[in-house]
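Enquirer: Here's a sequence, model it:
(one chain, ligands or ions: 1)
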Amino acid sequence: MHPTPNHLYDAYIFDLDGTVLLGEALLSSAGDTIAYLRSTGKKTVFLSNNPTHTRQEYADKLTRLGVPTQAKEVINSSVVMIDFLKRILPGGCLFVVGETPLQEELLQAGFIFSNDADRVDAVIASFDRTFTYRKLQIAFDAIRAGARFFATNADRYCPVPNGGEPDAAAMIAAIEACTNVQVEVIVGKPSHYMVEAILGVLKLPVEDCLLVGDRLETDILMGIENGIDTALTLTGVTTATVLEVSPIRPTYVCQSLLDLIP
Ligand SMILES: [Mg+2]
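Expert: Here you go, the predicted model:
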């Protein structure tokens, strides 16, 4: 038997897809559990590696589904990418292999874009369902001309009803294969950049937080590597069978989010 928490934490960091949400709906007990935690004064934040929706879109969706949420309580890989780039390349010139929401967020944050390889300071690879040979050519030329190479996330595919969609790992691999240059930084889960963004919102020490997620190699690994207790939910991609043979060991295992409440 795997333990469930025997006390409440001061803050709960929830992965979204597979943990709180399944497609367009809340997972059963997610709404009640989050409402209870908030009623006892606990902080909640929500995480996603998916940069194809803005944090405002996620906040609006949660609010519509009965979990009132502000944009600042949502941290996705595009937000973390912006924080990262503001520190190392403020106002820099980018070539973005990514979809419109990521591009708009980067433009609003003061970055400029160019298709001219000689002007590009950094290539940003991301989940891009509009990926083309022309984009690959520009990324190739820019990296060969000295641009840096960063990525929002490294997920292989994004689960959707009845299957999956090739995710950022495929765009990263295409660029790495032709340039023979490895991506320098991936800011999404399980990176410490994501944890810094979370703690910047929560303003609490790691020992007061519990990270709740459905994926061992992103959510749970990020908690373990950063000293945050973790709860794996079996409501998403990880089955009990997968968990049994994994070297990644969560602090707790929950059948549903209700198990978070002692
Ligand atoms: Mg998930």
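
Enquirer: how about the residues of this structure that lie near the ion?
Expert: D15, D17, G18, D214, R215 (Cβ under 5 Å from the ion). C-betas here are computed from N, CA, C, even on glycine.

Enquirer: and if we set it to 8 Å?
Expert: Residues of the chain found near the ion (Cβ under 8 Å from the ion) are 15-19, 48, 213-215, 218-219, 236-237.

Enquirer: If you rank every helix and strand of the protein by mean pLDDT, what lands last?
Expert: For the chain, counting by mean pLDDT, DSSP states H and E, strand 157-160 ranks last in confidence among helices and strands (a mean of 80).

Enquirer: got the contact list for that one?
Expert: Outside strand 157-160, the residues that touch it by Cβ atoms under 8 Å, 6 or more residues apart in numbering are D17, G18, G23, N50, F127, G164, E165, P166, D167, A169, G236, V237.

Enquirer: So what's the residue count around the last one?
Expert: A total of 17 residues lie near V237 under the criterion other Cβ atoms under 10 Å.

Enquirer: give the contact list for it.
Expert: Neighbours of V237 in contact, by Cβ under 8 Å, 6+ apart: G18, P159, D214, R215.

Enquirer: hmm, 10 Å instead?
Expert: Going by Cβ atoms under 10 Å, 6 or more residues apart in numbering, V237 touches D17, G18, T19, P159, G213, D214, R215, L216, E217, T218, D219.

Enquirer: Next up, the contacts around T44.
Expert: By Cβ under 10 Å, 6+ apart, the neighbours of T44 are 11-14, 20, 33-35, 37-38, 67, 69, 73, 202, 212.

Enquirer: Quickly list what the residue in the stretch 51-200 of the chain positioned nearest to the ion is bridged to.
Expert: For the stretch 51-200 of the chain and the ion, the shortest gap (Cβ to the ion) falls at P159, measuring 8.2 Å. P159 has these beta-bridge partners by DSSP bridges: G164.

Enquirer: Show me which of the contacts of T44 are buried.
Expert: Taking 16 or more other Cβ atoms under 10 Å as the criterion, what is buried in the contacts of T44 is 11-14, 20, 33-34, 37, 67, 69, 73, 202, 212.
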